[in-house]
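Q: Please work out how this folds:
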Amino acid sequence: METSNKSDGLKEVNAYLVRIERSYRNLLQFKEQLSSYLFEPCTVDQYKEREELKKKIAKLSKGHLALLEIYRNNKNSLNQHLSNINEQLKEAKRLEEGIMNYMAILQRKLENS
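A: The predicted structure follows:
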């Protein structure tokens, strides 16, 4: 019975780690897209927003890597970090929505030009 609980816990942790790795790859793609000339800011406010998004990407990426490092060093202790993993994933989702909003605004401006 106890082995089954450990196995279920490990599966849950592994599922979260897959999500963290996927989120990390998405953050790297967004970082690259924000550096693209297609999404160059046209106004001071857009420039500030892009810089803020880049800072958030860097912070979240660092957090994602820290969680992955914990997993690599000690898989058993990661159960204690599930709330951190959840928070990282929620923050990444909010950031992705902000990035998509920023890109959509710039796309509309380009289309209207």
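Q: Any idea how far stretch 105-112 is from the middle of the chain?
A: 25 Å (Cα atoms, centre = their mean, to the nearest Å).
Q: for that stretch, which positions count as buried?
A: Within stretch 105-112, the residues that count as buried by 16 or more other Cβ atoms under 10 Å are Leu106. C-betas here are computed from N, CA, C, even on glycine.
Q: Other residues contacting it?
A: Stretch 105-112 is contacted from outside by 38-42, 46, using Cβ atoms under 8 Å, 6 or more residues apart in numbering.
Q: Pull out the buried residues from these.
A: Among the contacts of stretch 105-112, those scoring as buried are 39, 41, 46 (criterion: 16+ other Cβ under 10 Å).
Q: which of the residues in the longest helix along the chain are buried?
A: Scanning the chain for the helix with the most residues, using DSSP state H, yields helix 2-34. Within helix 2-34, the residues scored as buried using 16+ other Cβ under 10 Å are 13, 16-17, 20, 23-24, 26-27, 30, 34.
Q: Need the residue closest to the centroid of the chain.
A: Most central in the chain under Cα atoms, centre = their mean is Ala92, positioned 3.6 Å from the mean C-alpha point.
Q: ok, that one touching Arg25?
A: No. Counting by Cβ atoms under 8 Å, Ala92 stays clear of Arg25, with 10.9 Å between them.
Q: wait, Asn26 sits on Ala92?
A: Yes. At 7.4 Å, Asn26 counts as touching Ala92 under the criterion of Cβ under 8 Å.
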